[in-house]
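In: structure for this input, please:
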Amino acid sequence: MISRSLASALKTPVELDDLSVSLLAGKVGLRGFRLTQPEGFGEGDMLSFVRLELDLAVRSLFSGAIEVENFLLEGPEIRLIKNVRGEMNLAAFSGQTASAPAEEKPAERVQALLRRAVITGGKLSYHDFSAQPPSGPAGEAAAPPPSELDILIELRNLELEASGLRLDTCASAELSPPGEASLKASLRQGEFPAAPLALAARVGPLGSGVPSLNAVFRLAGFEVGEFQLIPAGASNALGGDIVDVALDCRLAPELLECEITVAAEGVLPLSLRVGGTPDRPEVDTSGVLFSVLALTGGGIGNLALGAGGAAYQAGAAAVNTVGAVGEGLFGVIGSVGEGLGGAVVGAATGDLDRVGEGLSQATVGTAGEVGAAASAVGGELVEGAGQAAAAASGSDRETVRREGLELRWEKAWAEALRALPLMPWPPERPSAATEGM
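Out: As a prediction, the model looks like this:
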């Protein structure tokens, strides 16, 4: 009966092997749940899981503040699809009919506490068929069968743990202890080693606008050329074909502080700081400018960087024309700022196309602007850039990068976990003295 009700509401078949409910104990259990892909998105399941268990504190049901003692989700698999018409399968479950706006009423306080949550053995994939021409009858877009070649992103071995998370539409971070959450997964990369990634965060009450948040994110061994979302040539701007990414973030209703670092083997890391507020982000491109110019040999001439005993020569070309450099820098600032803005907004709204466009503008767009500056000074910078890119992406460096992935990851994640508790709570903007350290 539950399956039929869900299928009727969602307009797609739903299967459920077993449901158990104990009202007196506050326990709910589901096993063998499968939600079929909506019409127009091929066969198979969009969402499935092996087991879900929910334990509620029964007394909380009568207090106005619901407490979830334990939430367990085992073996969830989510398969996101963009079909040949450019439609996402998730959109099929959004409201289809417009209704008259309801009369606004004073908002009531909503409270809930999640004491413990665990998700194990998860898998998430995203497929994009929008580049393929429709093959069905006129006016229809047939959904092609699943293919490994159409997977843009696939996360495996997804594990999530959370505790003390609060939903409260009236609480403030200053008066509430933060909850904690951590997520680990591996990013599938074709024939190359999977890239480990992890996120850890301290989270303030949810439900009243932008939450307070301190977070650290790490990704190691990311193969730039394996992902269609990353435009061709991005490795030249990033400094190599295999990169590690670090993100430290502080967020509050009137605060945004993010420090992003992208590091390749034997080259100067590319760094970016985003400040301001959530509704008015300010991108500090100074680190990007220095790194991009270092990679292309512009503005600093020869630069040797030690990397495990090997030296990296950044190119013999130097830009000596002030006007050309100035013009190029303005172009870089525009590409980085606009591109990252699009990527951030796209991530926040779930618009994967905008994320891709933003990343394209922030990487290849930036590299293109630097290349334009090179043309103004006679082409020497282009030659230096080519030499630097070749040195940064050689097979020897790629081999070293892949072989050292495990140790590099363990070190990076351990350092991130040590850094998170040192961030002030509630989140605050670093002082000038701290930024200079």
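In: only C-alpha atoms from now on, for both contacts and neighbour counts.
Out: OK.
In: low-confidence ranges, this structure, go.
Out: Scanning the chain for pLDDT under 70 picks out the ranges 1, 94-107, 131-151, 173, 232, 285-395, 432-437.
In: now the helices for the stretch 151-300 of the chain?
Out: In the stretch 151-300 of the chain, the helices defined using DSSP state H, counting those that start in this stretch lie at 234-238, 286-296.
In: output the contacting helices and strands for the first one.
Out: Just to be clear, that refers to helix 234-238. strand 255-264, helix 286-296, helix 366-375 (3 or more C-alpha pairs under 8 Å, 6 or more residues apart in numbering; DSSP states H and E).
In: host element of residue 408?
Out: Per DSSP states H and E, residue 408 falls inside helix 405-419.
In: just the buried residues of stretch 118-135, please?
Out: By 16 or more other C-alpha atoms under 10 Å, the buried positions in stretch 118-135 come out as 118-130, 134.
In: and residue 408, how far from residue 111?
Out: As for residue 408, its distance to residue 111 is 42 Å (criterion: C-alpha to C-alpha, to the nearest Å).
In: neighbour count: those two, which is higher?
Out: residue 111 (19 against 15; other C-alpha atoms under 10 Å).
In: for residue 62, phi and psi?
Out: Per-residue torsions, residue 62: phi -110, psi 10 (degrees, to the nearest 10).
In: no no, residue 403
Out: Note on residue 403: its backbone torsions stand at phi -70, psi -30 [degrees, to the nearest 10].
In: give me the neighbour count for it.
Out: Residue 403 is flanked by 13 other residues according to other C-alpha under 10 Å.
In: about what we covered before: got a list of contacts for the helix holding residue 408?
Out: With C-alpha atoms under 8 Å, 6 or more residues apart in numbering as the test, helix 405-419 has contacts from 196, 198, 200, 216-221.
In: I'd like these as a markdown table, with distance to residue 427 and neighbour count appended.
Out: A markdown table is the format used below for those (distance: C-alpha to C-alpha, whole Å; neighbours: other C-alpha atoms under 10 Å):
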| residue | distance to residue 427 | neighbour count |
| --- | --- | --- |
| 196 | 27 | 24 |
| 198 | 21 | 20 |
| 200 | 15 | 23 |
| 216 | 13 | 23 |
| 217 | 16 | 22 |
| 218 | 20 | 21 |
| 219 | 23 | 22 |
| 220 | 26 | 28 |
| 221 | 30 | 29 |
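In: turn those residues into CSV, including distance to residue 78.
Out: Below are the contacts of helix 405-419 laid out as CSV (distance: C-alpha to C-alpha, whole Å):
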residue, distance to residue 78
196, 19
198, 19
200, 22
216, 24
217, 22
218, 23
219, 21
220, 23
221, 24
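In: perfect, I'm done here.
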